[in-house]
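Chemist: With the sequence up front, the predicted model follows.
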Amino acid sequence: MTSISAHFQTLRDRQQCALIPFITAGDPNLKTTAEALRILDRNGADFIELGIPYSDPLADGPVIQAAATRALQKGTKLEQVLEMLEAVTPTLKAPIILFTYYNPILHRGIKSFLLKIAAAGVQGLVVPDLPLEEAEELIQTAASFGIEVILLVAPTSSKDRILAIARQSQGFIYLVSVTGVTGIRAQIQDRVKDLITDLRSVTDKPIGVGFGISAPEQAHQVMEWGADAVIVGSAFVKRLSEGTPTEGLQAVEKFCRELKAAITPVSLQKVGSAK
């Protein structure tokens, strides 16, 4: 499997901005989650972020909180998610990035947790409630399993903290576009452009922008500002939850194609259509 870092380098060589969709595991059920992963992979996702449902999701807005609650009410557990992933990841081109809070990791033990997710084919890890000051053990242990720990930069981060996070983050840097939780927003703040510039001045690692991107126009704007990846969560989760599972999957497929087209240079679109 290609690492997240290596895959980003390939995309950069092609001058291609990456699309990273997010969905919540187990909503509406794990069978639909598995099919959604395959559909996203076929329709333009360069990486896929998969959220593990958690009872106290501090970084998540109402759409993803509701999805996690539904998944938990149906009995979705980490072990079931990993069993599903173990069967699906060999069929995917897009590396899987797991999004989880720190308590489930501590509960199982860092090494045991990483061993399990590595066996399931996971290649990246986002832990939104893990402070930089406490991340070193997880980062180092994860590296021994071939898993890259991606750290978040907040809009309120000082330049010194941005530099420290940039040094430690693996795979790419996850730039949070807004102060607050995830969710669908009408527009992306101009401040994001300045934050990308600030990051570019201290690191050459890829920058992915998330939290609030919900339309192709917003994805295109973030790409124009210089992001290496756009991360879209609530808008995918909402579509997948509406109507029947089949209708949700159809909506996700259509939306994924629209987002991918919005961040793909015309020259590459012509190459793709010629194949």
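Modeler: Good, I have the coordinates.
Chemist: Now stretch 221-241: buried residues?
Modeler: Residues of stretch 221-241 classed as buried: 221-223, 225, 227-241 (neighbour count, 16 or more other C-beta atoms under 10 Å). Backbone N, C-alpha and C define where each C-beta goes, glycine included.
Chemist: likewise stretch 111-131?
Modeler: Neighbour counts over stretch 111-131 (16+ other C-beta under 10 Å) mark 113-114, 116-118, 120-128, 130 as buried.
Chemist: now do stretch 1-19
Modeler: Buried, per 16+ other C-beta under 10 Å, within stretch 1-19: 3, 4, 5, 7, 8, 11, 16, 17, 18, 19.
Chemist: Repeat that for stretch 53-69.
Modeler: Buried residues in stretch 53-69, counted by 16+ other C-beta under 10 Å: 53-54, 57, 59-61, 63-69.
Chemist: What of stretch 88-96?
Modeler: Buried residues in stretch 88-96, defined by neighbour count with 16+ other C-beta under 10 Å: 88, 89, 92, 94, 95, 96.
Chemist: got the CA coordinates for the strand or helix carrying residue 208 in PDB?
Modeler: Assessed by DSSP states H and E, residue 208 sits inside strand 207-210. The C-alpha coordinates for strand 207-210 follow below in PDB (Å, rounded to 0.1, in the frame of the first residue of the first chain):
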ATOM      1  CA  ILE A 207      -1.900  21.100   3.800                       C
ATOM      2  CA  GLY A 208      -5.400  19.800   4.000                       C
ATOM      3  CA  VAL A 209      -8.300  22.200   4.800                       C
ATOM      4  CA  GLY A 210     -11.400  20.900   6.600                       C
END
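Chemist: and that strand, what other elements does it pack with?
Modeler: The contact analysis (3 or more C-beta pairs under 8 Å, 6 or more residues apart in numbering; DSSP states H and E) places strand 207-210 against strand 18-24, strand 173-176, helix 191-200, strand 229-232.
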